[in-house]
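# quick one, what's the 3D model for this:
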Amino acid sequence: MNVPFPAPDFSLQATDKTTVSLSNYFGKWVVLYFYPKDNTPGCTAQACSLRDSRDELTKLGAQVIGVSKDDIAAHEAFKQKYNLNFTLLSDKEGEVIRAYGAWGKKQFGREGILRKTFIINPKGQIVKVFSKAIPLGYGEKVVEALKELQAAQG
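Numbers count the residues shown, from 1 in each chain. Model prediction:
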């Protein structure tokens with residue numbers, strides 16, 4: 001799909017037991033990322049990279065939201081263990097994961113959650129898609145992309 005296109009809305013449970021909807025963030029930039037599993041090496045590196053870049057992302061007006069099929073208890077333990085400073089949402093049924101095209105064939109032909117990130121503008125449109133996330137240094141790549149997108153919009 002060519003960008004921009006409307007971001008599918010969703011409502012999922014967060015670690016603080018609240019329900020978070022994408023529509024809650026209308027008027028703000030959102031970095032929405034999908035990842036396979038809490039506490040695995042690649043997912044931990046990616047989350048920590050986004051954690052370390054969060055202050056800069058916040059200065060740019062962006063909120064970071066991570067989504068996986070892990071339950072709220074697993075997310076909360078993951079947040080505590082790595083001092084993650086952003087929202088994690090549980091999509092146990094995988095409906096939002098599928099709506100964003102973040103489910104599919106992985107290495108060795110297995111199906112699962114694909115490591116995908118979407119930058120959503122304040123109008124609720126997806127304006128950048130990272131289809132292959134390299135976990136190390138990921139936060140910096142997202143910051144740079146957000147700066148470019150904001151500069152382009154004037």
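# alpha carbons of stretch 99-115, as CSV, please.
Extracted C-alpha coordinates of stretch 99-115, given in CSV (Å, rounded to 0.1, in the frame of the first residue of the first chain):
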residue,chain,number,x,y,z
ALA,A,99,-5.5,-5.7,10.7
TYR,A,100,-2.1,-4.1,10.4
GLY,A,101,-0.6,-6.9,8.3
ALA,A,102,1.8,-7.8,11.1
TRP,A,103,1.0,-11.5,11.0
GLY,A,104,2.5,-13.8,8.4
LYS,A,105,5.2,-16.3,7.3
LYS,A,106,8.4,-16.1,9.3
GLN,A,107,11.7,-17.8,9.0
PHE,A,108,11.4,-21.6,8.4
GLY,A,109,7.9,-21.2,7.1
ARG,A,110,6.2,-20.7,10.5
GLU,A,111,3.5,-18.1,10.9
GLY,A,112,3.7,-15.5,13.6
ILE,A,113,3.9,-11.9,14.5
LEU,A,114,6.1,-9.9,12.1
ARG,A,115,8.3,-7.2,13.5
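# what helix or strand does the residue nearest the centre of the chain sit in?
In the chain, the centroid-proximal residue (Cα atoms, centre = their mean) is Tyr33; its distance is 1.7 Å. Using DSSP states H and E, Tyr33 maps to strand 29-34.
# contacts for the helix or strand following that strand?
Counting by DSSP H and E, the next helix or strand C-terminal to strand 29-34 is helix 41-59. Residues outside helix 41-59 that contact it (Cβ atoms under 8 Å, 6 or more residues apart in numbering): 31, 33, 35-37, 63-64, 66, 68, 78, 82-86, 115, 133, 135-140, 142-143, 146. All C-beta spots, glycine's among them, are computed from the backbone N, C-alpha and C.
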